[in-house]
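Enquirer: Sequence plus the predicted model coming up.
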Amino acid sequence: MFGIPGKQAVTLTPKAAAQVTKLMARDGAAGLRIGVKKGGCAGMEYTMDYVDEVDPNDEVVEQDGARVMIAPMAQMFLFGTEIDYEVSLLESGFKFRNPNVTESCGCGESIRFGDMGGAQN
């Protein structure tokens with residue numbers, strides 16, 4: 001696994017943990033699996049799926065009843081990220097505060113990472 005021993009790969013704000021827990025209960029899911037994939041105008045996009053079981057290769061973060069699994073390919077890109085859940089008049093959803101992002105597009109859906117061994121190409 002990627003990261004620093006004893007430090008969680010990602011953290012959740014109380015609002016994000018409450019939303020993940022609520023959706024896990026509603027859908028009977030084992031947790032929220034997050035990753036990254038190529039796409040979008042800046043080069044990469046976050047992926048999020050509620051899953052029924054934990055993949056043994058995923059890094060698992062449990063916080064306040066919420067369980068988030070990080071796909072192996074995404075671990076180096078997401079380390080140090082804070083996940084929040086925001087509600088506004090026009091939209092609501094999870095927001096990623098990721099220190100590894102060097103650029104994002106105007107819509108906030110697509111991101112670019114600095115040189116991490118060429119993994120983004």
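Expert: Okay, I see it.
Enquirer: neighbours around residue 88, how many?
Expert: Counted with other C-beta atoms under 10 Å, residues neighbouring residue 88 total 7. (Glycine included, C-beta is placed from N, CA and C.)
Enquirer: do you know how far it is from residue 97?
Expert: As judged by C-beta to C-beta, to the nearest Å, residue 88 and residue 97 stand 16 Å apart.
Enquirer: again, but for residue 73
Expert: In terms of C-beta to C-beta, residue 73 sits 21 Å off from residue 97.
Enquirer: Run a quick neighbour tally on residue 37.
Expert: Using other C-beta under 10 Å, residue 37 has 12 other residues around it.
Enquirer: now swap in residue 57 and tell me
Expert: Around residue 57 sit 12 other residues, with neighbours defined as other C-beta under 10 Å.
Enquirer: and it, what is it in contact with?
Expert: Neighbour list for residue 57: 71-72 [criterion: C-beta atoms under 8 Å, 6 or more residues apart in numbering].
Enquirer: With residue 18 instead?
Expert: 64, 66, 85.
Enquirer: Give the buried residues for the helix or strand where it lies.
Expert: Here residue 18 sits within helix 14-27, counting by DSSP states H and E. By neighbour count on 16 or more other C-beta atoms under 10 Å, the buried set for helix 14-27 is 16-17, 19-21, 24.
Enquirer: buried residues in stretch 67-80?
Expert: Neighbour counts over stretch 67-80 (16+ other C-beta under 10 Å) mark 67-71, 74-80 as buried.
Enquirer: out of those residues, which are inside strands?
Expert: Counting by DSSP state E, the buried residues of stretch 67-80 place 67-70 in strands.
Enquirer: what's the most distant pair in the buried residues of stretch 67-80?
Expert: Maximum pairwise distance among those (C-beta to C-beta): 20.7 Å, between 67 and 76.
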